[in-house]
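Colleague: quick one: sequence plus predicted model below, questions after.
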Amino acid sequence: MFRIIKKSLKTGVVTGQHPEAAPAAQPVPADAKATTKPFRRSLAIREVDTGSCNACEMEMNALMNPVYDGERFGLHVAASPRHADALVVTGPVTVNMERALKDVYKATPDPKIVIALGDCAITCGQFKGSYAVTGPVERHIPVDVRIPGCPPRPAEILAALEDLRERLGKPAG
């Protein structure tokens, strides 16, 4: 043990010795703050996977990471449909998930917003014609917003949510 302590005292600090490292954070320009329009009220989203390949779920998760930071726009992921303002449904509706989707829809308080995320939720995508698929989301519950893509990028999801906010008549921040 003394040998290790002696060696570490002799070596000294070896980390963080980079020549002229760039600053870690750049200040946000004033015009960027003016163009950012966060939701006036927060929007709690409940994700429902009805049989997708999970690519859309990964993009929704990326929406909440530090790069896109959905929280600054007032987006939150709700753990229960009873606490959600909107349902984000991904994937085609499979036989096993049809009843669960309808139950989640009933548990969501009014006014309900249903967002079909990805080509599979809108048209069944690559799963069309499968014996396990009962159809797109719209066949089972009413859909308010459709976000196409396989999978849609987080920036496209944010843009669609911004359009949703303007349609709902929420004032800009």
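Modeller: Great, that's in hand.

Colleague: so what's the residue count around Val143?
Modeller: By other Cβ atoms under 10 Å, 18 other residues sit near Val143. Any C-beta I mention is one placed from the backbone N, CA and C, and that applies to glycine too.

Colleague: pLDDT value on the spatially most central residue of the chain, please?
Modeller: Among the residues of the chain, the smallest C-alpha distance to the mean C-alpha position (Cα atoms, centre = their mean) belongs to Met60, namely 2.5 Å. Predicted confidence (pLDDT) for Met60: 87.

Colleague: surely Leu87 forms part of a strand?
Modeller: Yes: according to DSSP: H, G, I helix; E, B strand; the rest coil, the state of Leu87 is that of a strand.

Colleague: that one against Val48, yeah?
Modeller: Yes: using Cβ atoms under 8 Å, Leu87 makes contact with Val48 at a distance of 5.7 Å.

Colleague: any residues in contact with both of the two?
Modeller: Contact criterion Cβ atoms under 8 Å, 6 or more residues apart in numbering; residues bridging Leu87 and Val48 by contacting each: Val104.

Colleague: circling back to that earlier point, ok but the residue nearest to the centre of the chain is inside a helix, no?
Modeller: Yes: if the criterion is three-state DSSP, then Met60 is within a helix.

Colleague: list the contacts of it.
Modeller: Counting by Cβ under 8 Å, 6+ apart, Met60 touches 47, 88, 90, 117, 154, 157.

Colleague: try it again with 7 Å
Modeller: Each residue near Met60 by Cβ atoms under 7 Å, 6 or more residues apart in numbering is listed here: 47, 88, 117, 157.
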